[in-house]
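S.K.: I'd like to go over a predicted model; first the sequence, then the structure.
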Amino acid sequence: MGAVFQRELSCGFTAAQLTAAQLTAAGILPLSPSFREHLERLPANAQGDLPPPAVCLFISAWGHLRGLVVLEVFGHTSFLGGHQAEIFDAPVRTMFEDMHGPIPGPAAG
């Protein structure tokens with residue numbers, strides 16, 4: 001699942017764009033120097049090729065999607081009847097917009 005999110009997050013963005021992501025635009029506090037240093041020391045298999053700001057966007061989006069899935073799995077959206085898909089469609093679209101919005105410049109391709 002993480003590989004899918006990483007591909008969607010970084011697709012078309014350069015490493016420089018991902019590094020320059022403005023986390024506060026995504027509602028994420030700026031990284032403390034010690035947290036940034038920790039993320040930079042992680043092995044590639046822990047964060048893939050993502051720079052620290054992109055790792056934070058990735059974790060935020062993954063948590064958001066997981067929360068939506070948990071709501072459905074445990075029946076917390078059953079009161080919506082046949083409209084359950086609508087409660088997921090808009091937030092998932094917004095989630096990807098929120099992931100890409102803080103990254104400066106357009107994605108290539």
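M.R.: Everything's here; your move.
S.K.: switch to C-alpha atoms for all contacts and neighbour counts from now on
M.R.: Will do.
S.K.: what sits against the closest residue to Glu40 other than its chain neighbours?
M.R.: Nearest residue to Glu40, sequence neighbours excluded (CA to CA, 6 or more residues apart in numbering): Pro52, at 6.5 Å. The neighbours of Pro52, taking CA atoms under 8 Å, 6 or more residues apart in numbering as the test, are 19, 36, 39-40.
S.K.: pLDDT value on Pro52, please?
M.R.: Looking at Pro52, its pLDDT is 86.
S.K.: how much space between it and Ser34?
M.R.: When distance is defined by CA to CA, to the nearest Å, Pro52 is 11 Å away from Ser34.
S.K.: rewinding a little: farthest pair within the contacts of Pro52?
M.R.: Greatest spatial distance in the contacts of Pro52: Thr19 and Leu39, 12.1 Å, computed using CA to CA.
S.K.: what about the helices in the chain?
M.R.: Assigned by DSSP state H, the helices in the chain fall at 2-10, 15-19, 33-41, 44-47, 52-73, 84-100.
S.K.: from the contact counts, what lies against the third one?
M.R.: In other words, helix 33-41. helix 52-73 (3 or more CA pairs under 8 Å, 6 or more residues apart in numbering; DSSP states H and E).
S.K.: again, but for the shortest one
M.R.: Counting contacts by 3+ CA pairs under 8 Å, 6+ apart, there are no secondary-structure elements packed against helix 44-47.
S.K.: what about it, distance to the chain center?
M.R.: Chain-centre distance of helix 44-47: 16 Å, with CA atoms, centre = their mean, to the nearest Å.
S.K.: now do the last one
M.R.: Mean C-alpha position of helix 84-100 versus that of the full chain (CA atoms, centre = their mean) differs by 11 Å.
S.K.: quick one: mean pLDDT over that helix.
M.R.: Here the average pLDDT along helix 84-100 is 81.
S.K.: show me what counts as buried in it.
M.R.: Of all the residues in helix 84-100, those buried under the rule 16 or more other CA atoms under 10 Å are 95-96, 98-100.
S.K.: which neighbours do Thr19 and Leu39 share?
M.R.: 51-52.
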